[in-house]
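In: The following comprises the amino acid sequence and a computationally predicted model.
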Amino acid sequence: MISIYEQALGEDYKQLHPQLQKKFGLTSEAKTASICKGVMEEIWGGSSYMYTFLQLGTLKHITFPERGSNIPFTLENYAYQNSFGHECMAWIRKFHFDKTRHFDATMIYSSKRRGIVDYLGIDQDLITDIDISVLNNGGIRLLSGPLVFYKKGVKIPIPTFFSGIAEAQEWYDEDKEQFHINVEVKNKHFGTIFGYKGTFTIDYFSCNDEIPEYAKPRREIYLKSI
């Protein structure tokens with residue numbers, strides 16, 4: 001079995017730095033998970049009039065209003081198969097302010113779309129396609145597409161006025177033996193909703209048949225187009 005990211009990149013996957021290949025190579029069959037630990041050098045973005053929206057996003061683990069420098073950070077990745085038989089990768093991001101804030105997601109590979117589909121938050125009702133590519137330095141770039149709200153079998157495209165495009169870049173620094181991350185979510189009308197950049201290291205560990213309940217969404221959505 002190959003990972004959902006190797007499926008999406010095809011032969012280009014081999015151009016990733018070996019440490020990135022290992023990080024994005026987790027599969028449910030291998031029964032290995034990872035935890036990243038590091039510090040976000042800076043977390044920024046979001047005007048004062050966005051505060052209510054950002055605060056509401058904490059309920060779904062998709063946004064948060066806090067900003068700052070040198071914020072401790074953890075990321076847990078679990079590869080598993082959901083109840084529909086789809087290979088999934090859980091992204092459980094935790095930013096440790098005075099309160100711990102989440103920015104969580106579940107990703108799958110869609111053979112019909114020939115790419116990654118990202119279910120944002122813990123209710124799987126916000127969905128976007130992800131364009132994935134390899135950087136010149138062996139890093140990886142993930143760029144989100146238009147956002148769709150999914151409710152009771154109905155898909156509702158979210159106007160760009162109310163949504164953002166996310167770009168994430170990760171790469172490995174061999175000299176310092178650590179990963180770098182840079183993420184920014186932008187709205188074309190209001191600018192940066194939020195962004196963060198920092199460094200981290202990774203530990204891998206055995207993960208048996210069951211992953212932690214908190215790593216799973218509160219409900220699973222089945223898309224016929226997958």
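Out: Okay, I see it.

In: Let me see the ranges of the helices in the chain.
Out: Under the criterion DSSP state H, helices of the chain are mapped to 4-9, 18-23, 51-57.

In: What are the phi and psi values at the residue lying farthest from the centre of the chain?
Out: No residue in the chain sits farther from the centre than residue 175, which is 26.0 Å out by Cα atoms, centre = their mean. In terms of degrees, to the nearest 10, the main-chain angles of residue 175 are phi -60, psi -40.

In: For the helix or strand bottoming out on mean pLDDT in the chain, which residues meet the burial criterion?
Out: Lowest by mean pLDDT, DSSP states H and E among the helices and strands of the chain is strand 154-157, with a mean of 83. By 16 or more other Cβ atoms under 10 Å, strand 154-157 has no buried positions at all. Heads up, the C-betas are built off the backbone N, CA and C, glycines and all.

In: Packing partners of it?
Out: strand 148-151 (3 or more Cβ pairs under 8 Å, 6 or more residues apart in numbering; DSSP states H and E).

In: could you give the mean pLDDT of the strand it packs on?
Out: Strand 148-151 carries an average pLDDT of 86.

In: Render the CA-only coordinates of that strand in PDB, please.
Out: Provided in PDB are the C-alpha atoms of strand 148-151 (Å, rounded to 0.1, in the frame of the first residue of the first chain):
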ATOM      1  CA  VAL A 148     -17.800  23.800  -0.300                       C
ATOM      2  CA  PHE A 149     -20.300  23.400   2.600                       C
ATOM      3  CA  TYR A 150     -21.900  20.000   2.700                       C
ATOM      4  CA  LYS A 151     -25.100  19.500   4.600                       C
END
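
In: starting at the chain centroid, how far to that strand?
Out: When distances are taken as Cα atoms, centre = their mean, to the nearest Å, strand 148-151 is centred 18 Å away from the chain's centroid.

In: Could you list the buried residues of that strand?
Out: Buried-residue list, strand 148-151, by 16+ other Cβ under 10 Å: 148, 150.

In: List the strands paired with it, with their directions.
Out: Take DSSP bridges as the rule and strand 148-151 pairs in its sheet with strand 126-134 (antiparallel), strand 154-157 (antiparallel).

In: For those, could you give me CSV that also reports distance to residue 51?
Out: What follows is the strands paired with strand 148-151, written out as CSV (distance: least, Cβ to Cβ, whole Å):
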stretch, distance to residue 51
strand 126-134, 20
strand 154-157, 25
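
In: mind checking the longest strand of the chain?
Out: strand 191-206 (DSSP state E).
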